[in-house]
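> Starting from these lines, generate the structure:
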Amino acid sequence: MLPVIVALATTPSPAVTPDESIVTPGPLGFAAIAFIAIAVFLLVFDMLRRIRRGRYREEVNAELDAEEQARAAAAASETDDEDIDPTPPRR
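Here you go, the predicted structure:
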């Protein structure tokens, strides 16, 4: 029982620090992280370009729809005026 108490009472020795060449990522780790960073940058750039292109298409389609509705409204108002009063107004 005494050896157990002595073993529990002793302070542990400090941990040995590992060699830095084992812990650091080295050139291969740097290359892997650089590759991932470049890939993420290119993906974000492509995503923003596609979003921008989609917005421009929506704006152009909205303008074309507005022009088409304006033409249809103008044609409808001309047709309606002729249907209501087929004779031209007197001056």
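> Next, name the residue at the spatial heart of the protein.
Per C-alpha atoms, centre = their mean, the C-alpha nearest to the average position across the chain is that of residue 47, at 5.7 Å.
> Kindly provide the distance from that residue to residue 1.
Computed with C-beta to C-beta, to the nearest Å, the distance linking residue 47 and residue 1 is 69 Å. Any C-beta I mention is one placed from the backbone N, CA and C, and that applies to glycine too.
> Same question for residue 18.
Counting by C-beta to C-beta, the separation of residue 18 from residue 1 is 37 Å.
> With neighbour numbers in mind, choose between those two.
In this view residue 18 and residue 1 are compared by other C-beta atoms under 10 Å, and residue 18 has more residues nearby, 8 against 5.
> Would you mind finding the longest helix in the chain?
Of all the segments assigned as helix in the chain under DSSP state H, the longest by residue count is helix 26-84.
> burial of residue 31, as a residue count?
By other C-beta under 10 Å, 11 other residues sit near residue 31.
> Distance check, it against residue 45.
Shown here: residue 31 relative to residue 45, a distance of 21 Å by C-beta to C-beta.
> go on, residue 74?
Computed with C-beta to C-beta, the distance linking residue 74 and residue 45 is 44 Å.
> again with residue 58
Relative to residue 45, residue 58 is positioned 21 Å away (C-beta to C-beta).
> go on, residue 13?
With distances taken as C-beta to C-beta, residue 13 is found 53 Å from residue 45.
> Please identify which of the two sits among more neighbours.
Between residue 13 and residue 45, residue 45 has the larger neighbour count (other C-beta under 10 Å), namely 10 against 6.
> Just the pLDDT for the more buried one.
We have a pLDDT of 97 for residue 45.
> again with residue 50
As predicted, residue 50 sits at a pLDDT of 94.
> Check residue 41 too.
What the model reports for residue 41 is a pLDDT of 98.
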